[in-house]
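K.L.:
What would the 3D arrangement of this be:
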Amino acid sequence: MKISGVDIRPGNIIEYEGGIWRAVKIQHTQPGKGGAYMQVEMKNLRDGRKNNVRFRSAETVERVRLDTKDFQFLYPEGDMLVFMDKESYEQTTLPRDLLGDAAAFLQDGMDVVMELYDEEAISVQLPDTIEAMIVEADAVVKGQ
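P.N.:
Sure thing, here's the model as predicted:
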């Protein structure tokens, strides 16, 4: 679905210059001379790059809808993570860096939601809460 450049909102996912981007920050600007434009800070969902782009009101971009699917985390395998589709029981292997810091919180059997674009995993959402055991903590110092 095509949308105007000034209709982009934070969280929208758009196709721009051959990549899939998520709008992170938006700033509408109307200078004294010339037409209004939208300054959009975007993050590439495939490689994590950030980009700042100006969209004029006459420009249009393709808004992308991501499919979501329920998966279950099975086990880590080197730098890869193995997930199972809860409907078809097919196994999918993803690079650990797709999850970033969240990979440290994965537990065997954890249910996650994967966002897919053309059957390619774009991001993985962990549950809002997890149950974990604290192994080590610094001692409390009075006055802190």
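K.L.:
center of the protein, which residue is that?
P.N.:
For the chain, the residue nearest the mean C-alpha position is residue 123 (4.8 Å; CA atoms, centre = their mean).
K.L.:
And what about the closest residue to it other than its chain neighbours, helix, strand or coil?
P.N.:
The shortest distance from residue 123 to any residue that is not its chain neighbour, by CB to CB, 6 or more residues apart in numbering, is 4.7 Å, and that residue is residue 115. Where you see a C-beta, it was placed from the backbone N, CA and C, and this is true even at glycine. In the three-state summary, residue 115 is assigned as strand, counting by DSSP: H, G, I helix; E, B strand; the rest coil.
K.L.:
follow-up on the earlier one: report the contact partners of the residue nearest to the centre of the chain.
P.N.:
Residues touching residue 123, when contacts are defined by CB atoms under 8 Å, 6 or more residues apart in numbering, comprise 45, 98, 114-115.
K.L.:
pLDDT weak spots in the protein?
P.N.:
With pLDDT under 70 as the threshold, the chain has low-confidence stretches at 144.
K.L.:
Starting from residue 134, give me the distance back to the residue lying farthest from the centre of it.
P.N.:
Among the C-alpha atoms of the chain, the one farthest from their average position, using CA atoms, centre = their mean, is that of residue 142, at 40.5 Å. Plainly put, residue 142 is 21 Å away from residue 134 if you go by CB to CB, to the nearest Å.
K.L.:
domain ranges for this structure?
P.N.:
According to automatic domain parsing, the chain is divided into the following domains: 2-63, 67-125.
K.L.:
Columns distance to residue 138 on top of those domains, output as CSV?
P.N.:
As requested, the domains of the chain are arranged in CSV below (distance: least, CB to CB, whole Å):
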stretch, distance to residue 138
domain 2-63, 32
domain 67-125, 18
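K.L.:
Could I get the full set of strands for this protein?
P.N.:
In the chain, the segments counted as strands under DSSP state E are 2-4, 13-16, 19-29, 37-44, 50-56, 60-63, 67-77, 80-85, 91-95, 111-117, 120-125.
K.L.:
If anything else comes up later, I'll come back, but that's it for now.
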